[in-house]
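Q: Need a 3D model of the following:
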Amino acid sequence: MDNLDLKKLTLRNFRSYKNLDLQFNSKFIYFSGPNGIGKTNILEAISLFSPGRGLRNANISDLNQVKNKNLWHLSAILNISNIFMEIEIGLDKTGKKHLRIDGKKKPLFCLAEIFKILWITPLMDRLWIGASNERRRFLDRLVMNFFPHHAKYCILYDQALTKRNLLFKDNEKDEAWFIAIEKQLAEIGYFIDKYRREVINLLSKMQLNMKNKGYFPILDIGLNTNPINNMDEFFENLKKNRKNDYKFKRTLIGPHKSDLIIHHIVKNMPAKNCSTGEQKSLLLSLFILSSLAISKKFQQPPIILLDEIVAHLDKENLKILLEQLISINAQIFASGTDKSNFDIFPPNFLSYNLNWDKEKMCMNLN
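A: Residues are numbered from 1 along each chain as shown. Model prediction:
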């Protein structure tokens, strides 16, 4: 199995940081400090080395340091089985996110081909009772780790969907316009649905191998929609449903309507109806399965980000989570407001304490 470590991270004009340089010589790095000090900003910077908008789902144009006209820029040095690689991302003058690997410009999907990143944030506590689009976004971020082109497909699908819905709102009747857009939706939508289901099947198979170890609740994982069997079938369904879509001025079928459905098998209960503690355990189960599946399939552990992890999980669940992630040799970056629960952290962990120097009016990191 390949060894993967983030060795150095630099932030320029990013969020609350004008300049920040960090070096890591540990598999477990913990950032502590009061709320609002900038801990999550560091984890967000790491998360942006993956396709998409990162753990806050923020617009990339909103990441610049406040009152700083310079564009944000991040760089990282990775060690992958003793091969060092420099990765740079940032905002270019056209307002787009750009990527350079060892100084050469590359398409963004290449990020997911090099390494994988997974994260848990406090907002995910409401994943099972929130809106379906949040669960789709959660699933799609996971799918991008297995199928790097999935990110591009999701963007293209949303663009085509917007065009079709605009035709309805404009009361457009031109058949050729609809046919062109529906063919695009059918082709891309088929692959989006296919990749989602393949990853769900992979997680379910991984669970079969793990369930006897008793580490976490057993899940039934699925989508609430029927599979898209092929492009032609989906294309015909879009045409047939066009009249009905006209009434509502939007597209009512397709992978954009799918919802990730999780059941607690032992309780025989959907996640949304479970207790708050059980919902956290179900999220933990899915996160562990995802980490193990990535490690097994690619023979390389993901980088793990755990935002406000002490507040997010109780001591028992935190211990379970860390045991599983350490077992695959994952590098873990965590944050919290204090240093409680340090007794269950792995040996030789690296700790950074963030605080504000009132006299120098700058951030201290020690």
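
Q: just to confirm, which helix or strand has residue 263 in it?
A: Element membership for residue 263, per DSSP states H and E: strand 260-264.

Q: And the helices in the chain?
A: Secondary structure of the chain (DSSP state H): helices at 39-47, 110-114, 132-146, 150-169, 175-210, 231-240, 242-248, 276-298, 309-312, 315-327.

Q: Deepest-packed of these, please.
A: helix 39-47 (a mean of 24; mean count of other Cβ atoms under 10 Å). Quick note: C-beta positions are derived from backbone N, CA and C, even for glycine.

Q: Would you check how far apart the closest residue to residue 16 other than its chain neighbours and residue 333 are?
A: Excluding the flanking residues, the one nearest residue 16 by Cβ to Cβ, 6 or more residues apart in numbering is residue 38, at 4.4 Å. Per Cβ to Cβ, to the nearest Å, residue 38 is found 14 Å from residue 333.

Q: before we move on, what about residue 72?
A: 19 Å.

Q: Tell me which residue is most central in this structure.
A: Geometric centre of the chain, nearest residue: residue 141, 4.1 Å, by Cα atoms, centre = their mean.

Q: List the residues that contact the closest residue in space to it that isn't next to it in sequence.
A: The shortest distance from residue 141 to any non-neighbouring residue, by Cβ to Cβ, 6+ apart, is to residue 52 (6.2 Å). Going by Cβ atoms under 8 Å, 6 or more residues apart in numbering, residue 52 touches 141, 144, 151.

Q: Kindly state the pLDDT recorded for residue 52?
A: Looking at residue 52, its pLDDT stands at 83.

Q: And residue 349, by the same measure?
A: pLDDT, residue 349: 81.

Q: got a list of what it touches?
A: Residues in contact with residue 349 (Cβ under 8 Å, 6+ apart) are 26-30.

Q: which two in those are spaced the farthest apart?
A: 27 and 30 (11.5 Å; Cβ to Cβ).

Q: re earlier: let me have the contacts of residue 52 in CSV, adding distance to residue 278 and pLDDT as columns.
A: Formatted as CSV, those follow (distance: Cβ to Cβ, whole Å; pLDDT from 0 to 100):
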residue, distance to residue 278, pLDDT
141, 23, 94
144, 28, 93
151, 31, 90
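
Q: and for stretch 21-30, what are the contacting residues?
A: Residues from elsewhere that reach stretch 21-30, judged by Cβ under 8 Å, 6+ apart: 5-10, 42, 322, 326, 329-336, 339, 345-346, 348-352, 365.

Q: what does stretch 184-198 give?
A: Residues outside stretch 184-198 that contact it (Cβ under 8 Å, 6+ apart) are 139-140, 143, 146-147, 150, 153-154, 156-157, 160-161, 164, 223, 225, 227-228, 230-232, 234-235, 238, 251, 254-255, 258.

Q: How far does the lengthiest strand in the chain sit from its chain's centre?
A: Secondary structure assigned by DSSP state E gives strand 4-14 as the longest strand of the chain. Mean-position distance between strand 4-14 and its chain equals 18 Å (Cα atoms, centre = their mean, to the nearest Å).

Q: hmm, back to that, same drill for residue 38 and residue 333, tell me which one is more crowded.
A: The neighbour count for residue 38 versus residue 333, taken as other Cβ atoms under 10 Å, is higher for residue 333 (27 against 21).

Q: For the more buried one, give me the pLDDT.
A: 94.

Q: ok now do it, which residues does it touch?
A: 6, 29, 31, 42-43, 46, 303-306.

Q: now, which of those sits nearest residue 247?
A: Distances from residue 247 to these, taken by Cβ to Cβ, are shortest for residue 305, at 43.7 Å.

Q: Need the nearest residue in space to that closest one, chain neighbours excluded.
A: Among residues not flanking residue 305 along the chain, residue 119 sits closest, at 3.7 Å (Cβ to Cβ, 6+ apart).

Q: Surely that neighbour and residue 43 touch.
A: Yes. Residue 119 lies in contact with residue 43 (Cβ atoms under 8 Å); the separation is 7.0 Å.

Q: Now list whatever residues contact both of those two.
A: With Cβ under 8 Å, 6+ apart, residue 119 and residue 43 have common neighbours 55, 305, 307.

Q: taking those residues one by one, which sit in strands?
A: Among those, the members falling in strands (DSSP E) are residue 305.

Q: Adding distance to residue 293, neighbour count and pLDDT, write the shared contacts of residue 119 and residue 43 out as JSON lines.
A: Listed next are those as JSON lines, based on distance: Cβ to Cβ, whole Å; neighbours: other Cβ atoms under 10 Å; pLDDT from 0 to 100:
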{"residue": "55", "distance to residue 293": "20", "neighbour count": "24", "pLDDT": "92"}
{"residue": "305", "distance to residue 293": "17", "neighbour count": "25", "pLDDT": "95"}
{"residue": "307", "distance to residue 293": "22", "neighbour count": "25", "pLDDT": "92"}
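
Q: if we can go back for a sec, what comes into contact with the strand holding residue 263?
A: By Cβ under 8 Å, 6+ apart, strand 260-264 touches 128, 132, 135-136, 138-139, 217-224, 269-271, 274, 278, 282, 286.

Q: what mean pLDDT does stretch 75-94 have?
A: On average, stretch 75-94 scores 92.

Q: Name the residues of that stretch that come out as buried.
A: Counting neighbours by 16 or more other Cβ atoms under 10 Å, one finds that the buried residues in stretch 75-94 are 75-79, 87-91.

Q: With stretch 261-280 instead?
A: Neighbour-count burial for stretch 261-280 [16+ other Cβ under 10 Å]: 261-264, 271, 274, 278-280.

Q: Between the two ends of that stretch, how far is it?
A: 15 Å (Cα to Cα, to the nearest Å).
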